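Novice: Predicted structure and sequence below. I'll ask about it afterward.
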Amino acid sequence: MSDGTPWQSPDGSPASSSPPPAGPPTPPAAPRIPPRYGEYAPVSPVSPAPPIPGGAGAPGGTGTGSPHGYPQAGAPGAGPRAWSPPPKPGLVPLQPMTLGTILAGSFQVMRRNPRPTFGVSLLINGIVAVISLAAVGLSFVLGFDRLATASSDTFDDITAGSNALSILSTLVTLAFGLVGSAILQGIISLEVARATLGEKLKARQLFALAKGRIAALIGYSVLVGVVLILVIGVVVAIIVALALSGTTAGVVSAVLLGIGAVLAGIVLGFWIATRLSLVPSVLLIERLRLFPAIRRSWSLTTGYFWRTLGIQLLVNVIVTTATQIIILPISFFLVFYATVTNPTGDVEALDNIFLLTTIITTVASALIGSVTAIIVSATSALIYIDLRIRKEGLDLELIKFVEARQGGASESFGTEIGGSLPDPYRPTTAKSGASTRSGAPSDPGSPTTPSDSPWA
């Protein structure tokens, strides 16, 4: 029964007939902006969820709004924040590269832009092949013809002259091969640098970018060749002098010195070649002078020698094996053909067969070498970019360039091909720190610790 007294709550306060006052208005949610590489996504503001049984105000509740004090779903701190993966505008992701990334990128360079890459490689390898064919063929024909008609009195002299001519032709072939490899690596480095940013250049654009730097590549090749000839010449002269001394000690010393020189030459050759393997890339991409480029390559490979050597050795083993698988059957067939078609050993027929064999093998080697040279050159270029990412934070500069291009700026850089943006590959004094390895997000400016593993 009602006695006219209004209903009260158990704590004695009268009930209110008006609704509870509304809280402050909820501000509108901020627009979601996708994070850039290396940044966390912003956490969306969420309204607190209503308490559930066992939460605040319930007997035995923890006062946190969820059982056992754990945060509710959707509340701040409830789960890991989103992380944006590194962008990949072109050939490879803009982050420190793994072995798989470098291998995949080096094999994709020609497939991604086949006409200029294969065309330039075929042109350079074709010129080297023609010069090599002329040098070797001329030395063989002249020497073999003279030996076939030599008398017993002049046979030894003609043999010595033929050997000297063969050595000279081999040196000419090696010299032009060295120059061609340096030029090709430099031009392919330009292609790789642009492909990393998603650009595809034509052959004339590549040559326009390389304008004025071909002489530097030739100078580098000549410098390497002269140093090799001087070092080998001095060592050989010492060994010959000891061997001709006429004493047992001299002969033994010559043998030991020869063995030691070969072993030391192999070790030093790998070491110096690895430390200088990035010089063509530096000459073309950064457009430095010769000796600053040598110091630059030496500096970039410091701390990453074994990694650089391991990757380059692996790629060379792969392409050499593939080349031999194709070339060896051709060589065996040509030898079989020569044996069947000239069983009597006629000199004139032998000359013709040799020339035919040399032409076929040279053309086949040039075609196959045009493909494998692109892979080897692209590997060195990707190693160069990777080391700059690890040591200088180059990926941050490349990301800035990509963002500026997406914002409506010029599609490229370099006045040679009509670009107006600054070159992100040119080193600046403002760069500090290197990018981190792929994986969990961390500070993009923290340096990467050099690894002794060639696959890291």
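Specialist: The structure has been received and is ready for your questions.

Novice: counting contacts, what elements does the lowest-mean-pLDDT helix or strand in the chain pack onto?
Specialist: Among the helical and strand segments of the chain, the one scoring lowest on mean pLDDT, DSSP states H and E is helix 114-148, with a mean of 83. The helices and strands touching helix 114-148, judged by 3 or more CB pairs under 8 Å, 6 or more residues apart in numbering; DSSP states H and E, are helix 99-112, helix 155-196, helix 203-209, helix 347-392. Yep, even glycine has a C-beta here, placed from its N, CA and C like the rest.

Novice: Quick one: closest of those helices to Pro427.
Specialist: Relative to Pro427, the nearest member of the helices and strands packed on helix 114-148 by CB to CB is helix 347-392, separated by 7.1 Å.

Novice: you'd agree Gly198 is in a strand?
Specialist: No. Assigned with DSSP: H, G, I helix; E, B strand; the rest coil, Gly198 falls outside any strand and is coil.

Novice: Report the angle between the helix or strand hosting Leu256 and helix 347-392.
Specialist: Leu256 belongs to helix 248-275 when assigned by DSSP states H and E. Orientation check (axes from the mean of the first three to the mean of the last three CA atoms, to 10 degrees): helix 248-275 against helix 347-392 gives 60 degrees.

Novice: Report the buried residues of helix 248-275.
Specialist: For helix 248-275, a neighbour-count test (16 or more other CB atoms under 10 Å) marks 253-254, 258, 261, 274-275 as buried.

Novice: Specify which member of these is nearest to Val234.
Specialist: Among those, and counting by CB to CB, the member closest to Val234 is Ala261, at 10.0 Å.

Novice: Who are the contact partners of the closest one?
Specialist: Applying CB atoms under 8 Å, 6 or more residues apart in numbering to Ala261 gives the contacts 235, 239.

Novice: Distance of it relative to Gly250?
Specialist: Applying CB to CB, to the nearest Å, the value for Ala261 to Gly250 is 16 Å.

Novice: just Thr196 next, same as before
Specialist: Between Thr196 and Gly250 the computed distance is 57 Å (CB to CB).

Novice: same thing with Thr321?
Specialist: Relative to Gly250, and taking CB to CB, Thr321 is found at 42 Å.

Novice: Trp306 now?
Specialist: 39 Å.

Novice: Run a quick neighbour tally on Glu199.
Specialist: 20 (other CB atoms under 10 Å).

Novice: With only the CA atoms kept, save stretch 385-394 in PDB.
Specialist: Presented in PDB, the C-alpha positions along stretch 385-394 are these (Å, rounded to 0.1, in the frame of the first residue of the first chain):
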ATOM      1  CA  ILE A 385      72.300   0.300 -52.900                       C
ATOM      2  CA  ASP A 386      71.900  -2.100 -50.000                       C
ATOM      3  CA  LEU A 387      75.100  -0.900 -48.400                       C
ATOM      4  CA  ARG A 388      74.100   2.700 -48.700                       C
ATOM      5  CA  ILE A 389      70.800   1.800 -47.100                       C
ATOM      6  CA  ARG A 390      72.500   0.100 -44.200                       C
ATOM      7  CA  LYS A 391      75.200   2.700 -43.600                       C
ATOM      8  CA  GLU A 392      73.600   6.000 -44.700                       C
ATOM      9  CA  GLY A 393      69.800   5.500 -44.600                       C
ATOM     10  CA  LEU A 394      69.500   5.900 -48.400                       C
END
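
Novice: Lovely, talk soon.
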